[in-house]
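In: make a model of this:
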Amino acid sequence: MRRTYLGEFEELVLLMVAILNGEAYGVTVTQEIEQQTGRSVTFGTVHNTLIRLEEKGFVRSELGGATAERGGRRKRLFSITAYGSRTLQEIQQQRSQLWQMVPPTSLKVSGA
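Out: Alright, predicted model coming up:
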């Protein structure tokens with residue numbers, strides 16, 4: 001499979017799908033992003049990103065059972081694929097290597 005790169009928000013959503021481990025759907029991902037990052041995001045943005053990640057092969061989805069709290073509607077649950085997991089591991093490794101290359105003096109605030 002050809003390597004597809006993730007944007008920053010796609011990476012964040014994919015991380016949340018991995019963190020939620022089988023309990024990820026639009027609402028839970030939206031809530032977790034807001035809770036963990038303090039970043040305000042809309043459900044529509046998260047939902048579109050989940051669909052795009054599925055089209056790219058990073059996640060897969062299936063319909064969960066109907067629930068009374070949703071008026072009998074079923075949730076579309078997302079889970080990370082092996083490709084998505086490998087991609088996150090590669091991103092983590094690459095960033096770790098780059099952070100190790102940053103000279104400590106380059107991160108000091110000057111003139112403050």
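In: tell me the buried residues in the helix or strand containing residue 34?
Out: Taking DSSP states H and E as the criterion, residue 34 maps to helix 26-37. Using 16 or more other CB atoms under 10 Å as the test for burial, helix 26-37 gives 26, 28, 29, 30, 32, 33. All C-beta spots, glycine's among them, are computed from the backbone N, C-alpha and C.
In: pick the one among the residues you listed closest to residue 58.
Out: Proximity of these to residue 58 was ranked by CB to CB; the top entry is residue 29 with 13.2 Å.
In: was I right about that closest one contacting residue 14?
Out: No. Residue 29 is not in contact with residue 14 according to CB atoms under 8 Å; the separation is 9.7 Å.
In: which non-adjacent residue is nearest residue 57?
Out: In space, and not counting its chain neighbours, residue 57 is closest to residue 83: 5.1 Å by CB to CB, 6 or more residues apart in numbering.
In: what helix or strand is the one you found located in?
Out: For residue 83, the host element (DSSP H and E) is helix 82-101.
In: who touches that helix?
Out: With contacts defined as CB atoms under 8 Å, 6 or more residues apart in numbering, helix 82-101 is touched by 1, 4, 6, 11, 14-15, 17-18, 53, 57-59, 80.
In: if anything else comes up later, I'll come back, but that's it for now.
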